[in-house]
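A.B. asks: sequence and predicted structure, then a few things I'm wondering about:
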Amino acid sequence: MVNILVLIVALSFFCLSSAFVPFPAQDFCVTPPGSQASNGLPLPCKDPQQVNADDFFASGLHLPGNTTNPFRAAVTALNVGVLPGLNTLGLTIARLDLDNGGFVPPHTHPRATEIISVIEGSMEVGFVSSGPSYRHFSKVLRQGDTFVIPVGMVHYQRNRAAGKTVAFIAVNNQNPGIVAIPFAIFGATPDLNSDYLSAAFNLDKKIVEELLAKF
């Protein structure tokens, strides 16, 4: 269970609570060191006279993430917790590493559009539109290819290369949120009712109970 949560924890770093101000009243709102949001409230601003170029700088996206987990995937996020100058700008970026056979489980970002660009290898990326049509849009991306995922759509990524694949991802929200579908359904606390899930997914109750135990 601990290993299974590794990627979800990494994805959650997309989602540090803070605010996006579409028409800010100041040039920037750099977060002071050690700042933490409380109950989703905006992060505070550092004294502008104490701001320097390092507040708008970060390094590390050239380094591969640790893909030693059941998903064989790693997300290295560059958010306001790493780059204080991003505060209130409504932007998060990340590096996605997929090892051979790696994938990201189906998930949604309820508050953000996502754009993904492959810089090495190839991956399948796709999303499913809302009902009643539930259309599946997918594409195999290769080096230099880009794909956009509309806000709130269930989407996924999986490696299609013989080796590793690397991509850069951007979302237009500091707090895009993430709902990982398998964990939301079978890993909720407390559990969803197994009889209900059996009927909803047209599955044998024993299979549902096994899935509930796994997540």
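C.D. replies: Thanks, I have the structure now.

A.B. asks: pLDDT weak spots in this protein?
C.D. replies: 1-24, 36-42 (pLDDT under 70).

A.B. asks: please enumerate the helices of it.
C.D. replies: 5-12, 181-186, 194-200, 205-214 (DSSP state H).

A.B. asks: what does the longest one rub up against?
C.D. replies: Defining contact as Cβ atoms under 8 Å, 6 or more residues apart in numbering, one finds that helix 205-214 is touched by Met1, Ile4, Phe186, Asp191, Leu192, Ser194, Asp195, Leu197, Ser198, Phe201. C-betas here are computed from N, CA, C, even on glycine.

A.B. asks: most widely separated two among those residues?
C.D. replies: Farthest-apart pair in those is Ile4 and Asp195; separation 24.8 Å (Cβ to Cβ).

A.B. asks: of those two, which one has the most company?
C.D. replies: Set Ile4 next to Asp195 and count neighbours by other Cβ atoms under 10 Å: Ile4 wins out with 16 against 10.

A.B. asks: contacts only, for Ile115.
C.D. replies: Counted by Cβ under 8 Å, 6+ apart, Ile115 has contacts Thr146, Phe147, Val148, Ile149, Ile169, Ala170, Val171.

A.B. asks: tell me the bridge partners for it.
C.D. replies: When bridges are called by DSSP bridges, Ile115 pairs up with Val148, Ala170.

A.B. asks: what does the one 10 residues further on give?
C.D. replies: According to DSSP bridges, the residues that bridge with Val125 are Lys139, Gln157.

A.B. asks: save the contacts of Ile115 as JSON lines, and put in neighbour count and distance to Cys45 too.
C.D. replies: Shown next, in JSON lines, are these (neighbours: other Cβ atoms under 10 Å; distance: Cβ to Cβ, whole Å):
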{"residue": "Thr146", "neighbour count": "13", "distance to Cys45": "33"}
{"residue": "Phe147", "neighbour count": "22", "distance to Cys45": "35"}
{"residue": "Val148", "neighbour count": "11", "distance to Cys45": "31"}
{"residue": "Ile149", "neighbour count": "23", "distance to Cys45": "31"}
{"residue": "Ile169", "neighbour count": "22", "distance to Cys45": "27"}
{"residue": "Ala170", "neighbour count": "16", "distance to Cys45": "24"}
{"residue": "Val171", "neighbour count": "27", "distance to Cys45": "22"}
